[in-house]
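Novice: When you get a sec, could you give me coordinates for this:
(chains A and B)
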Amino acid sequence: GAVVSQHPSRVICKSGTSVKIECRSLDFQATTMFWYRQFPKKSLMLMATSNEGSKATYEQGVEKDKFLINHASLTLSTLTVTSAHPEDSSFYICSGLGRAYEQYFGPGTRLTVT
Amino acid sequence: AQSVTQPDIHITVSEGASLELRCNYSYGATPYLFWYVQSPGQGLQLLLKYFSGDTLVQGIKGFEAEFKRSQSSFNLRKPSVHWSDAAEYFCAVGAGQGAQKLVFGQGTRLTINP
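Specialist: Got it, this is the predicted structure:
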């Protein structure tokens, strides 16, 4: 199956700093990628849809100025959490859209803001 | 709005026993339905999906699911579980344009007793 990687797998940053998370499709081209947020013992919540070469579409309630998404190539999308605060601590998961509506998920990135 | 409900937060079964994980959805049109499994350190893996046709869907790892429109359900089953099946299971419905967006249920944690 198709493989999606995320980097880093874990990151700790100080409050007020920014952190970038990378999502790469390793063996397929993903015109569309998705970013999710997962709270402890909770479901995945879609944050935004990113399309290569265009602006991301954010879900209602997600701050686009805080969560910057760039999808510069068919294999790379990045999520930058700007001016991070402790409430941004979470598990962030990306996926790439393959054929037949199937999404291939990355292993996730655990962000801790101190 | 689309929604998915997984009534069971945590299920424990003995190895070798049968398994059924419940999933109910709310969606106005014909749903695209998915079951994913999430293991620690790994990305969500697709077990099976239903788009149309035969309402009994076979997936990987010996799993199957049955779409019942009258009950708005898509329950996941396995006749005999293995210790390696212990994980978090998510049911999802495809929503939005082209059913690309996934709306996830809350997840069911499966524990296997030896």
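Novice: tell me which element the most centrally placed residue in chain B is part of?
Specialist: Nearest to the mean C-alpha position of chain B, by C-alpha atoms, centre = their mean, lies B:Trp35 at 3.4 Å. Taking DSSP states H and E as the criterion, B:Trp35 maps to strand B:32-38.
Novice: likewise A:Ala2?
Specialist: Following DSSP H and E, there is no helix or strand that holds A:Ala2.
Novice: cool, and the one 3 residues further on?
Specialist: In this assignment (DSSP H and E), A:Ser5 forms part of strand A:4-7.
Novice: Can you give me the buried ones in that strand?
Specialist: A:Val4, A:Gln6 (16 or more other C-beta atoms under 10 Å in any protein chain shown). Just so you know, the C-beta spots here come from the backbone N, C-alpha and C atoms, and that holds for glycine as well.
Novice: Do any residues in the strand holding B:Trp35 lie close to chain A?
Specialist: Yes: using C-beta under 8 Å from any C-beta of the partner chain, strand B:32-38 reaches chain A at B:Tyr32, B:Tyr36.
Novice: ditto for stretch B:15-28
Specialist: No: using C-beta under 8 Å from any C-beta, stretch B:15-28 never reaches chain A; the gap is at least 12.2 Å.
Novice: sorry, back to before: which helices and strands does the strand holding B:Trp35 pack with?
Specialist: When contacts are defined as 3 or more C-beta pairs under 8 Å, 6 or more residues apart in numbering or on different chains; DSSP states H and E, strand B:32-38 sits against strand B:45-50, strand B:64-68, strand B:73-78, strand B:87-95.
Novice: list the buried ones in the third one?
Specialist: Right, strand B:73-78. Residues of strand B:73-78 classed as buried: B:Ser73, B:Phe74, B:Asn75, B:Leu76, B:Lys78 (neighbour count, 16+ other C-beta under 10 Å).
Novice: contacting residues for the third one?
Specialist: Applying C-beta atoms under 8 Å, 6 or more residues apart in numbering or on different chains to B:Asn75 gives the contacts B:Glu20, B:Leu21, B:Arg22, B:Cys23, B:Ala65, B:Glu66, B:Lys68.
Novice: Reformat the residues you listed as JSON lines; add neighbour count and pLDDT.
Specialist: Below are those laid out as JSON lines (neighbours: other C-beta atoms under 10 Å in any protein chain shown; pLDDT from 0 to 100):
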{"residue": "B:Glu20", "neighbour count": "13", "pLDDT": "98"}
{"residue": "B:Leu21", "neighbour count": "23", "pLDDT": "98"}
{"residue": "B:Arg22", "neighbour count": "16", "pLDDT": "98"}
{"residue": "B:Cys23", "neighbour count": "26", "pLDDT": "98"}
{"residue": "B:Ala65", "neighbour count": "26", "pLDDT": "98"}
{"residue": "B:Glu66", "neighbour count": "16", "pLDDT": "97"}
{"residue": "B:Lys68", "neighbour count": "11", "pLDDT": "95"}
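Novice: Mind telling me the two of these farthest from one another?
Specialist: B:Leu21 and B:Lys68 (14.2 Å; C-beta to C-beta).
Novice: just how off-centre is stretch B:75-87 within its chain?
Specialist: How far stretch B:75-87 lies from its chain's middle: 11 Å, per C-alpha atoms, centre = their mean, to the nearest Å.
Novice: Any idea how far apart the tips of that stretch sit?
Specialist: Stretch B:75-87 has an end-to-end distance of 16 Å (criterion: C-alpha to C-alpha, to the nearest Å).
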